[in-house]
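Trainee: below is the sequence, then the predicted model.
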Protein chains: 4
Amino acid sequence: MSSSNIRAAIVGSTGYGGVELIRLLQSHPKVTITSVISSSTAGTSIAEGFPHLTEIHTDLLDDLNVEAISAKADVVFLATPHGVSMKLAPQFLDAGMKVIDLSGDFRLESGDVYEKWYKHEPADAAYVERAVYGLSEIYGDQVAKTDFVANPGCFTTTSLLGLYPAVKAGWIDPDTIIIDAKSGVSGAGRGASLGTHYSEINENFKAYKINKHQHTPEIEQVLSEAAGRPVATTFTTHLVPMTRGIMATMYAKINGKRTDADFVELYRQFYEGRKFVRVRPEGKWPATKETYGTNYCDIGFSVDERTGRVTIISVTDNLVKGAAGQAIQNLNLLMNWDETLGLQFTPVYP
Amino acid sequence: MSSSNIRAAIVGSTGYGGVELIRLLQSHPKVTITSVISSSTAGTSIAEGFPHLTEIHTDLLDDLNVEAISAKADVVFLATPHGVSMKLAPQFLDAGMKVIDLSGDFRLESGDVYEKWYKHEPADAAYVERAVYGLSEIYGDQVAKTDFVANPGCFTTTSLLGLYPAVKAGWIDPDTIIIDAKSGVSGAGRGASLGTHYSEINENFKAYKINKHQHTPEIEQVLSEAAGRPVATTFTTHLVPMTRGIMATMYAKINGKRTDADFVELYRQFYEGRKFVRVRPEGKWPATKETYGTNYCDIGFSVDERTGRVTIISVTDNLVKGAAGQAIQNLNLLMNWDETLGLQFTPVYP
Amino acid sequence: MSSSNIRAAIVGSTGYGGVELIRLLQSHPKVTITSVISSSTAGTSIAEGFPHLTEIHTDLLDDLNVEAISAKADVVFLATPHGVSMKLAPQFLDAGMKVIDLSGDFRLESGDVYEKWYKHEPADAAYVERAVYGLSEIYGDQVAKTDFVANPGCFTTTSLLGLYPAVKAGWIDPDTIIIDAKSGVSGAGRGASLGTHYSEINENFKAYKINKHQHTPEIEQVLSEAAGRPVATTFTTHLVPMTRGIMATMYAKINGKRTDADFVELYRQFYEGRKFVRVRPEGKWPATKETYGTNYCDIGFSVDERTGRVTIISVTDNLVKGAAGQAIQNLNLLMNWDETLGLQFTPVYP
Amino acid sequence: MSSSNIRAAIVGSTGYGGVELIRLLQSHPKVTITSVISSSTAGTSIAEGFPHLTEIHTDLLDDLNVEAISAKADVVFLATPHGVSMKLAPQFLDAGMKVIDLSGDFRLESGDVYEKWYKHEPADAAYVERAVYGLSEIYGDQVAKTDFVANPGCFTTTSLLGLYPAVKAGWIDPDTIIIDAKSGVSGAGRGASLGTHYSEINENFKAYKINKHQHTPEIEQVLSEAAGRPVATTFTTHLVPMTRGIMATMYAKINGKRTDADFVELYRQFYEGRKFVRVRPEGKWPATKETYGTNYCDIGFSVDERTGRVTIISVTDNLVKGAAGQAIQNLNLLMNWDETLGLQFTPVYP
């Protein structure tokens, strides 16, 4: 790392998002991790709780002290739960730092909508307005001009990258969109609970928060922007007995006649030059493992003439493109670096 | 077992369906397995290939000889692939046996439709006409009068039990039905292939045969009967990294206003007295593991006022209610026994 | 069930052992479950916490009241943690009930040894002395004469059934025994913790409590009895990313020359007439799945001339032969019924 | 990559070892992959069979032509099965290339021993003698002087790094060593078979090749060198329902009195400066996941005063330190580069 590297702090290092940031930033050529913050275990080595980091990250954990952190870091990643980020982000911004927040606190433009889905008071509206919604391939130009990014949710990223081009082009009817999403269990975080207890999840498949998931309004906000009018969607989430990976299987009525090849062409043009979206050829659909450990979002299509619908498959690694990876991609955009910097991993296979 | 037990033969004992028939019939109070047939390993003990059956099923495997089998058994279960069943079933029927076929060969009324989806010549039309489609809770009355059952597919059973009452009642618009199905890997059978190789499937989630699965016309045939007019559906299948279990997550537009409670009530009435369908209370959705190793089909609902759609969740164990269990349930119906005979297992949990 | 059935109560119904007792006893022809006790959720339906029991066990949960329970049940199964059982068992015994305790509280003859390994004061010595250690195939005769059974641990059962005949016969040197055991995660119980959190366990393999596991003295107590002198063993436990199943891979120096066939013969003679121990033929070793959901313990051998050691493989389903199943087997023995009553399940495969 | 990069060819690219070499070499700063060879699919894109490599490795697959390959590459990695490597390695060596062979063909000094365990004629003795056994941390000095490396087996590497220092120091009795090893399923390769069929492996744990595994003589060859006399060991392999990772749990009698701390100190000194061996502190034992996707070998100890034995736990990722990673480490050593070059990954967690 060069002395001109920017210095990064990570808050929320005891969750999967925070630890994934460490994994990815360790090999970023222009970033140095100068502070990893954990209120509960400050002063100890992170390897005690995360032995895979033994001899890799050896600095002791810092306490949550905005002044001290702003003195040793230029950018802070908040891998904190919603409700917590809304308190921290303003403090770090006021201290002059760049902030990339991985929670849902600054993603929704409307405080009322936030309150309805999160059952929680919204963040200060002034900061919400200041935040740029960091869906990198769609709003990268805005990210490049900000110092405060609201990093999108994992389901949201996966679904929207698969839907946006078709909605924007008017090829599918937004009112018919159904998103059937499946996630690995790491998406539920590191907090132990019966719902994520091994014996309850293994060799089991279940749906949860049907029609109630808080990523719904985030998806609708972007789809509405694409459609130019309000859109409501049906969104279901399921838990897959695996650790990483999200698949969104999405359905919509096609406007007019389109083939698989048409969709492939539309999406390849839309995402031209964006290395992290890989549009699969006709008749091929990605599996989640094909993005394992990386920032890719892979997309495939199946047009059905019998029903006039298209099925769109979109997959990501929920902890990378769905969280820490896109956060770093946003840092790259914000710094006007190549967006792939430090993120050029090959998927772990098998 | 009493001397008045009926005698059963099982063909196709080297696949998962055949072996599951053995597991279930072992504890059936009115059935004795008198012949297990395996052309490739006749004369050997089944425990050589299936050591879990050590000291449980000890008779040697029989060769495939219709005359010999009809002399020692009253009913034959065909757990053979499509294409094979179409040749065997007529022979066993002609030899005077009752036949329960687990393949797709006699399920579709139209030979043309069969050929289109199976890419294979259809079975003899006379025998197709003779077969009763054995979706037990829907067509049990007809099963009770036949000697030849075409046992439904696993995806079909799971989907149809979840959709039929609502379509029949006119509560949902059949043209808007989307079925997003997920299956454990045992549904792909016991034949080794790269697609079912452990390292390829574990920690992975993938879609397959999108808009091309051969259970599609089977589902549409029954839905069309329920709706009273031709229905086309969108049907997607996914592979879950687990061995057993199917979930169908199904979406449709509701005709008029209905609540979760309305759906629960409609389905409870429809399935009254049918012990293998368990309709969950409002706000509860079944997970696949809750039916593990048993003949249950569990169903739950979520009505979304925002979109006017209902989401229906239906789960089964694909090898039991989706195959061997329903086959035995059909035998019970066909013999005019209590349909639960020999099938009263408690789900294996965890 | 007949009116002459015995009536059973289950305490600790919110753990995996308790719920497994319900699964198995549901199909026992001579037992009726008359009370399922859960202090924390008394008055509610068990299906709320365990939806797989929907419409199967419908009685409401009882409170923990010894007098009330003794009025409605003849035998009580204590599926309670160590420390709790030691308080409850005496009360139920004093109330005239038969007691089968699944905890470790009454297994060890020496209070000092208990205290050393459990880090906890031992149970009342009078009751410890009264308890019969219920390793059914070894101490079944004593079980038949008692009203109080200390049901063995899962690792203990699996290891001892694989070692006892060889030690008793003097074929192996007890001082050289090494037990390398591997367990599915259900053995750790239903309590949520980071150590059993899905994302921490899946696609991972780890050792725990090396040289410190509390089943060590239990194993040594029985091996010492078999050897006729004190024996100390090396015992290691590992966690396998699966739900059910235990394998003990065991090593020892052979006294003299013995072949695989010799061991097979020795063990078949030793376990003659005991249906739940299946000794595999030469060159075959059981996998855990071959006992899934059943009370079997399967055993295989490999003698190595090069090193003069034998490797013994023993497998069980930790929740059945390792807990609830053996508890019921002990009830059968204690009631002088056939020991297989209600336990004749075929392993769930695949 | 600089123009002074060395050029690498990979033969056997359709197996897991070959594909893992691609993953790792993609980010090696001094190596350029100039040829990926697959006889069966030459002329096609590797992404057709390995879609995770879409847009990552885009050169078409080459045919197996020694002359052509030697013209475009400086070093060849043979990720080919034993029996195949023995034919190819001499040809590439004769063509002036450096060769790193991942098979077992050149690891054993004695042709007789090879034939006994591999049931196959040995390689040409002249080439066997020329090969350096590439256990990097033990024989790195010799690797630095050769152009032909026999890369060790996965079980061998994991076991030997955990045993070598203690045997060399005379702290444990080599005649008492027992190695109980457990591997993820990717170690069995990519060829589909019933034994690696998902439904057979998932939720199952099994032992295989007991006292017959071909890595046994490889382990004994190195242990004998360390002990200064012939050593025979007991070695058992098991299959864990996970994709990657190996654990060796090893047992031996201690000579004299040693504590956990003594072992930690001995090993830390022995491996000083070798970044890929991480010796855990007293009372901590590594889990396989802590090395996931990386070249680490993590080691922990438990001394048991009661039995006078030490239990040593050693873990690796079988496809990295156990195959492709150590192969690249050997290339680094052979080129006199820093051995960690291109291998500084942080373990994928969770």
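Mentor: Done, it's in.
Trainee: what about the residue nearest in space to the middle of chain A, which SS state?
Mentor: For chain A, residue A:322 is the residue whose C-alpha lies nearest the centre (Cα atoms, centre = their mean; 2.8 Å). With DSSP: H, G, I helix; E, B strand; the rest coil as the basis, residue A:322 sits in helix.
Trainee: kindly report the same for residue A:263.
Mentor: helix.
Trainee: that one and residue C:118, how far apart?
Mentor: 64 Å (Cβ to Cβ, to the nearest Å). Bear in mind the C-beta positions are built from the backbone N, C-alpha and C, glycine included.
Trainee: those two: which is more packed in?
Mentor: residue A:263 (25 against 17; other Cβ atoms under 10 Å in any protein chain shown).
Trainee: so what's that one up against?
Mentor: Under the criterion of Cβ atoms under 8 Å, 6 or more residues apart in numbering or on different chains, the contact list for residue A:263 reads A:166, A:171, A:301, A:303, A:310, A:312.
Trainee: kindly report the same for residue A:181.
Mentor: Per Cβ under 8 Å, 6+ apart, neighbours of residue A:181: A:155, A:158-159, A:235-238, A:246-249.
Trainee: would you turn those into CSV with neighbour count and distance to chain B?
Mentor: Shown next, in CSV, are the contacts of residue A:181 (neighbours: other Cβ atoms under 10 Å in any protein chain shown; distance: Cβ to the nearest Cβ, whole Å):
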residue, neighbour count, distance to chain B
A:155, 26, 14
A:158, 35, 12
A:159, 31, 14
A:235, 29, 9
A:236, 26, 6
A:237, 22, 10
A:238, 24, 7
A:246, 28, 9
A:247, 29, 5
A:248, 28, 11
A:249, 27, 6
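Trainee: and which of these is nearest to residue C:275?
Mentor: residue A:238 (41.5 Å; Cβ to Cβ).
Trainee: quickly list what that closest one is bridged to.
Mentor: Beta-bridge pairing for residue A:238 (DSSP bridges): residue A:182, residue A:207.
Trainee: please, where are all the helices along the stretch 1-150 of chain A?
Mentor: With DSSP state H, counting those that start in this stretch, the ranges of helices along the stretch 1-150 of chain A come out as A:16-25, A:46-49, A:66-72, A:85-94, A:111-118, A:125-130, A:136-143.
Trainee: how about the fifth one as PDB, C-alpha atoms only?
Mentor: Coordinates of each C-alpha in helix A:111-118 appear next as PDB, following Å, rounded to 0.1, in the frame of the first residue of the first chain:
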ATOM      1  CA  GLY A 111     -39.700   9.100   6.200                       C
ATOM      2  CA  ASP A 112     -43.300   7.900   6.300                       C
ATOM      3  CA  VAL A 113     -42.500   4.900   4.100                       C
ATOM      4  CA  TYR A 114     -39.500   4.200   6.200                       C
ATOM      5  CA  GLU A 115     -41.600   4.200   9.400                       C
ATOM      6  CA  LYS A 116     -44.200   2.000   7.900                       C
ATOM      7  CA  TRP A 117     -41.800  -0.800   6.900                       C
ATOM      8  CA  TYR A 118     -39.100  -0.500   9.500                       C
END
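Trainee: list the buried ones in it?
Mentor: A:113-114, A:117-118 (16 or more other Cβ atoms under 10 Å in any protein chain shown).
Trainee: now the last one
Mentor: Using 16+ other Cβ under 10 Å as the test for burial, helix A:136-143 gives A:136-140, A:143.
Trainee: go on, the third one?
Mentor: Going by neighbour count (16+ other Cβ under 10 Å), the buried part of helix A:66-72 is A:66, A:69-70.
Trainee: from the contacts of residue A:181, which land in helices?
Mentor: A:155, A:158-159 (DSSP state H).
Trainee: can you put these in CSV and add pLDDT?
Mentor: Shown next, in CSV, are the ones in helices among the contacts of residue A:181 (pLDDT from 0 to 100):
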residue, pLDDT
A:155, 98
A:158, 98
A:159, 98
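Trainee: nearest to residue D:242 among those?
Mentor: Nearest to residue D:242 among those, with distances taken as Cβ to Cβ, is residue A:158, at 25.1 Å.
Trainee: so that closest one sits right up against residue A:317, yeah?
Mentor: No: assessed by Cβ atoms under 8 Å, residue A:158 is found out of contact with residue A:317, at 9.7 Å.
Trainee: identify the contacts common to these two.
Mentor: Contacts common to residue A:158 and residue A:317, judged by Cβ under 8 Å, 6+ apart, are residue A:246.
Trainee: number of residues surrounding the residue of the stretch 151-300 of chain A found nearest chain D?
Mentor: When distances are taken as Cβ to the nearest Cβ, the stretch 151-300 of chain A reaches nearest to chain D at residue A:290, 4.1 Å away. For residue A:290, the tally of surrounding residues (other Cβ under 10 Å) stands at 25.
Trainee: contacting residues for residue A:147?
Mentor: A:93, A:97-99, A:334.
Trainee: sorry, back to before: want to throw the contacts of residue A:263 into TSV with distance to chain C, neighbour count and pLDDT?
Mentor: TSV is the format used below for those (distance: Cβ to the nearest Cβ, whole Å; neighbours: other Cβ atoms under 10 Å in any protein chain shown; pLDDT from 0 to 100):
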residue	distance to chain C	neighbour count	pLDDT
A:166	33	26	98
A:171	37	17	98
A:301	30	29	98
A:303	36	21	98
A:310	33	24	98
A:312	28	27	98
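Trainee: out of those residues, which are inside strands?
Mentor: A:301, A:303, A:310, A:312 (DSSP state E).
Trainee: from the residues you listed, which two are the most distant?
Mentor: A:303 and A:312 (9.8 Å).
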